[in-house]
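Chemist: Quick check, what structure comes out for this input:
(one chain, ligands or ions: 1)
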Amino acid sequence: MTPPRPPSPEPTEDRIIDAIQPIRAHVLAVGIYHLFDTGLYATLESGDGATTEALAGAHGMDAVRLAAFLKYLRNEGILREDAGHFRLTAKARELHAFRGWYTMFIGGYAGTFMQLGEALKVGASPASRDGKKVGVGANEISTTDTIPLASAMARRHLGTVRHVLDLGCGSGQYLVELCKSFPEARGWGVEPSRGGCDVAEENLRKHGLRERVQITCAPAQEFVKTPVSFPADFGVVAFVLQEILGQGGDAAVEQFLRDAFERFPDMHLLALEVDYRLDDATLMHHGLGLAFYNPYYLLHPFTSQRLEPNAFWESLFARCGLEVVVKQPIDRRVDSTGLVVGFLLRRAR
Ligand SMILES: C[S@@+](CC[C@H](N)C(=O)[O-])C[C@H]1O[C@@H](n2cnc3c(N)ncnc32)[C@H](O)[C@@H]1O
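Modeler: Here you go, the predicted structure:
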């Protein structure tokens, strides 16, 4: 016999406020994403306050809806309103450095999270995502953690870089930063999302690097089978092996790595992956564990991606005849969990 259900607490006001805080956080995250994505943030950042009418005119927006959006953000402490002029608050200005997390999780995956219920059913198709926003957001986040690691590892272990290859390059920010760090370097970026390639080309043009870096719109597995006269000495495959693993399983990743080193035998390849530790209670209750890794781990099986623990990758690299020159987590000051790890690989000698 099923025991009788304990009586639900009465929905008194304090309990309602407490129970619906996740809804408030959800809407606020979406609002902050749109503040960035519409360009309103950039306009407000560059000027000294603007009225709803001026912002609506400059952005081709509906003034009534925009007024509701701006006042909503004001009430959440993101904007300040003085005599009808809206300005970013100090809290909003601080958010600038964290834009990438909003681009990736909200722009890229908010639609995915809304498909969870349907996608849970046996035989359901994977949930969709916005691949361009995922790539752009991941690149924005990488600027604070994995790009400095890539640069430092290349300098320490290769001395310099002449031909850098980024497989799954998103918006091309690794190529931008590596070409700045190594002025003699030429680059090649490979990215299957058409939107991502367009953003990468524009990003490289903006940094005056369009002549030094080539972009190919294709899956990395296809690219490494194509003959190219580009003697890559440093390659990056950042959060992309997990994509290939989800798309084609272990065999596809092994084939990809074998083909990559066949084509570029002298390359050092930096593979960045996230250690899969969803059941590690200590890590999952760490601040970043709950704020980042818990939703990050969640979205992978729904979008044909597969995360694995570090030991899985190390054994796969060994099966492909690769040697781990060094294994290093990102800077502890931005992430003390040690979950994001770079493996610098080369052909075993
Ligand atoms: C999480 S993002 C990482 C982007 C970038 N590497 C970074 O670290 O910022 C994953 C990227 O892999 C790309 N991708 C997915 N499948 C791929 C494949 N088979 N070959 C190459 N890239 C792929 C996606 O389009 C996306 O840009």
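
Chemist: so what's residue 290 closest to, chain neighbours aside?
Modeler: Using C-beta to C-beta, 6 or more residues apart in numbering and skipping residues adjacent in sequence, the residue nearest residue 290 is residue 284, 6.9 Å away. Where you see a C-beta, it was placed from the backbone N, CA and C, and this is true even at glycine.

Chemist: Check for me that residue 147 belongs to a helix.
Modeler: Yes - under DSSP: H, G, I helix; E, B strand; the rest coil, residue 147 sits within a helix.

Chemist: Does the helix or strand containing residue 295 reach the ligand?
Modeler: Per DSSP states H and E: residue 295 is located in helix 294-299. No - judged by C-beta under 6 Å from any ligand atom, helix 294-299 stays clear of the ligand, getting no closer than 9.8 Å.

Chemist: list the buried ones in that helix?
Modeler: Judged by neighbour count (16 or more other C-beta atoms under 10 Å), helix 294-299 contains these buried residues: 296, 297, 299.

Chemist: same question, stretch 109-124
Modeler: Those would be 109, 110, 112, 113, 115, 119, for stretch 109-124 by 16+ other C-beta under 10 Å.

Chemist: Repeat that for stretch 51-66.
Modeler: 51, 52, 54, 55, 56, 61, 66.

Chemist: Check stretch 221-228 too.
Modeler: Quick answer for stretch 221-228 (16+ other C-beta under 10 Å): 221, 223, 224.

Chemist: cool, stretch 183-197 as well?
Modeler: Neighbour-count burial for stretch 183-197 [16+ other C-beta under 10 Å]: 185, 186, 187, 188, 189, 190, 191, 192, 193, 195, 196, 197.

Chemist: Enumerate the residues of the protein near the ligand.
Modeler: Close to the ligand, as judged by C-beta under 6 Å from any ligand atom, the chain has residues 131, 134-135, 138-139, 142, 167-170, 191-193, 196, 219-221, 238-240, 243-244, 247.

Chemist: which ones among those residues are found in strands?
Modeler: For the residues of the chain next to the ligand, membership in strands holds for 167, 238, with DSSP state E as the criterion.

Chemist: buried subset of the residues of the chain next to the ligand?
Modeler: Looks like these have 131, 134-135, 138-139, 142, 167-170, 191-193, 196, 219-221, 238-240, 243-244 buried, using 16+ other C-beta under 10 Å.

Chemist: shaky segments in this protein?
Modeler: 1 (pLDDT under 70).

Chemist: which residues of it fall in strands?
Modeler: Using DSSP E, strands in the chain cover 79-82, 85-88, 163-167, 186-190, 213-216, 234-238, 268-274, 322-329, 340-347.

Chemist: how about the second one: buried residues?
Modeler: Going by neighbour count (16+ other C-beta under 10 Å), the buried part of strand 85-88 is 86, 87, 88.

Chemist: Equivalent analysis for the first one, please.
Modeler: Of the residues in strand 79-82, those buried under the neighbour-count criterion (16+ other C-beta under 10 Å) are 79, 80, 81.

Chemist: What is the nearest of those to the ligand?
Modeler: Nearest to the ligand out of the buried residues of strand 79-82 is residue 79 (C-beta to the nearest ligand atom; 29.7 Å).

Chemist: Relative to residue 50, how far out is the closest one?
Modeler: Residue 79 sits 10 Å away from residue 50, taking C-beta to C-beta, to the nearest Å as the criterion.

Chemist: from the buried residues of strand 85-88, which is closest to the ligand?
Modeler: residue 88 (26.4 Å).

Chemist: Not counting sequence-adjacent ones, nearest residue to the closest one?
Modeler: Closest residue to residue 88 apart from its sequence neighbours, by C-beta to C-beta, 6+ apart: residue 44 at 5.0 Å.

Chemist: That neighbour: neighbour count?
Modeler: For residue 44, the neighbour count with other C-beta atoms under 10 Å is 23.

Chemist: just residue 341 next, same as before
Modeler: Residue 341 - counted by other C-beta under 10 Å - has 18 other residues nearby.

Chemist: care to break this protein down by domain?
Modeler: What automatic domain parsing lists as the domains of the chain is 13-97, 130-347.

Chemist: how about those in a markdown table, adding distance to residue 6?
Modeler: Formatted as a markdown table, those follow (distance: least, C-beta to C-beta, whole Å):
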| stretch | distance to residue 6 |
| --- | --- |
| domain 13-97 | 15 |
| domain 130-347 | 26 |
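
Chemist: between those, which one is nearest to residue 124?
Modeler: For these, proximity to residue 124 was assessed by C-beta to C-beta; domain 130-347 is nearest, at 9.3 Å.

Chemist: What's the end-to-end length of that closest one?
Modeler: Chord length of domain 130-347, first to last residue, is 35 Å (C-alpha to C-alpha, to the nearest Å).

Chemist: Tell me how far it lies from the chain's centre.
Modeler: Relative to the mean C-alpha coordinate of its chain, domain 130-347 is positioned 11 Å out (C-alpha atoms, centre = their mean, to the nearest Å).

Chemist: With stretch 71-91 instead?
Modeler: Per C-alpha atoms, centre = their mean, the centroid offset for stretch 71-91 relative to its chain is 28 Å.

Chemist: And it, end to end?
Modeler: End-to-end for stretch 71-91, by C-alpha to C-alpha: 16 Å.

Chemist: got the contact list for the nearest residue to residue 185 once chain neighbours are set aside?
Modeler: Excluding the flanking residues, the one nearest residue 185 by C-beta to C-beta, 6+ apart is residue 161, at 4.8 Å. With contact set as C-beta atoms under 8 Å, 6 or more residues apart in numbering, residue 161 has these partners: 154, 178, 181, 182, 185, 233, 234.
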